[in-house]
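Engineer: Have a look; sequence and predicted model below, questions after that.
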Amino acid sequence: MRRYLILKLLAITLVVLVFVVAVVWLAIDTLAAGYFVTLMEKYHISPKPAHAMFVEAVHRYLLWAFVGAVLLAAILSYLLMRRVLAPLTRMTRLSRDIAAGDFSVRAPAGRRDEVGQLAAAFNQMAADLAKLENLRRKLMIDVAHELRTPLTNIRGYLEAIGDGVVTPSPDTIALLQSETMRLVTLVEDVLQLARADVARGRLQLADMDIRAAVENTVAIFQPGFAHKDISVQVTAPPGNLTLTADPNAMARVLRNLTDNAVQYTPREGLVAIDLIEKDGRVVIQYSNPAGELLPEDLPFLFERFYRGEKSRSREHGGAGIGLALVKELVEAHGGAVGAELTNGRIVLRIVLPTSAHPAA
């Protein structure tokens, strides 16, 4: 690459030099030579020998100047190419390392010129690729781990039934059906999460009453609340609370938040849902007892496959995808998510603009 760029730069320089020399050459032959002849005739001196000597000398000096300019251009081009192309050549080599799977390589970015800016952008790209690769590997490991437990249980019971160790009773069939539904739920959650990733910028926006949507969602989950004697308190400003959003996506967000509250609130607990409109934004807060959650768990609650309560069994807890899906859909609307612990209660908060600006 360096050789070709040096040749191109030299070719451009040579074209410019040839053009300048040609212009000066023609100017001397037409204008300067004419003035010289006129001056010689004014002083009654034969112009022909002097004119020939003058033109020959000028042409010779022009040729020497041209050769010197070419040599100087070659030297400066070489030095400039070493200065400019060395980092580019290094980044080319590093890009091959990244293509081979080594995302730890970085280009020196100490310079403040355009090459330094390119190196900084290159390093940011490498860091983002490394993060994506780590997330991909973690996702594959987590999905395999989540699938292994129900599949192992199903396989064990089927082998036991086949060997005659376990009788295919209604209880056994119900257990197998429960494990199968766990698999179906997990696959559906992963699919929904993938669709949420794709949904960015493809939302079907419409005006919706977020207060009515919250109340409808609570009504759907009312049997779950009643089964655990959980009290639900919804607080919202009077009247309609209009929000421009994708109704299907927001329904999924509210279902996941409400389902999270049903699963993780203890018997006879209180779930508080607060709707707040402030500065052109709508804040939706779900609050319930924190249980075993610790402050260090908060930054990871919306990460995929994360469970804050370590002692919670998989039968009672989900796969850790619900809140991750909430984050993806909220951020797709240009909003933000957050969590905090207050007086022994966990507060999950989503903030949405009243007029959504889908994220790219």
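Structural biologist: Nice, I can see it. Because the structure is a prediction, the values reported are computed rather than measured.
Engineer: since we're on E215, how many residues are nearby?
Structural biologist: Per other Cβ atoms under 10 Å, the neighbour tally for E215 reads 15. In short, each C-beta sits where N, CA and C put it, glycine included.
Engineer: now swap in K8 and tell me
Structural biologist: K8, neighbours per other Cβ under 10 Å, totals 11.
Engineer: A272 now?
Structural biologist: 16.
Engineer: Run through who's touching the helix or strand hosting it.
Structural biologist: Using DSSP states H and E, A272 falls within strand 270-278. Contacts to strand 270-278, defined as Cβ atoms under 8 Å, 6 or more residues apart in numbering, come from residues 210-211, 214, 218, 225, 230-237, 241, 261, 265, 282-289, 354.
Engineer: and what of stretch 70-80?
Structural biologist: Under Cβ under 8 Å, 6+ apart, the answer for stretch 70-80 is I6, L9, L10, T13, L14, L17.
Engineer: Just the buried residues from these, in ChimeraX please.
Structural biologist: Filtering these down to the buried ones (16 or more other Cβ atoms under 10 Å) takes a single ChimeraX command:
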select :6,9,10,13,17
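Engineer: Now flag whichever of the contacts of stretch 70-80 is closest to R106.
Structural biologist: I6 (27.1 Å; Cβ to Cβ).
Engineer: Just the pLDDT at the closest one, thanks.
Structural biologist: On the pLDDT scale, I6 is placed at 67.
Engineer: Write the ChimeraX selection for whichever of the contacts of strand 270-278 are buried.
Structural biologist: Remark: buried members of these, expressed as a ChimeraX selection using 16+ other Cβ under 10 Å:
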select :210,211,214,218,225,230,232,236,241,261,265,282,283,284,285,286,287,288,354
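Engineer: ok, which stretches of the chain are strands?
Structural biologist: Ranges of strands within the chain are 206-209, 231-235, 242-245, 270-278, 281-289, 336-342, 345-353, based on DSSP state E.
Engineer: can you count the residues close to R252?
Structural biologist: Using other Cβ under 10 Å: R252 sits among 19 other residues.
Engineer: any idea how far the nearest residue to it once chain neighbours are set aside lies from T185?
Structural biologist: Excluding the flanking residues, the one nearest R252 by Cβ to Cβ, 6 or more residues apart in numbering is L329, at 6.2 Å. Per Cβ to Cβ, to the nearest Å, L329 is found 18 Å from T185.
Engineer: and if you look at F66?
Structural biologist: The gap separating F66 from T185 is 80 Å, by Cβ to Cβ.
Engineer: Same drill for the two, tell me which one is more crowded.
Structural biologist: Counted by other Cβ under 10 Å, F66 and T185 do not tie: F66 has more neighbours, with 18 against 14.
Engineer: Check the more buried one and give its pLDDT.
Structural biologist: At F66, pLDDT is 80.
Engineer: Likewise for R93?
Structural biologist: pLDDT recorded at R93 is 85.
Engineer: still on that earlier bit, just so I know, which of the strands of the chain lies nearest V166?
Structural biologist: Nearest to V166 among the strands of the chain is strand 281-289 (38.6 Å), distances taken as Cβ to Cβ.
Engineer: ok so, going back, mean neighbour count, the strands of the chain: which tops it?
Structural biologist: strand 242-245 (a mean of 22; mean count of other Cβ atoms under 10 Å).
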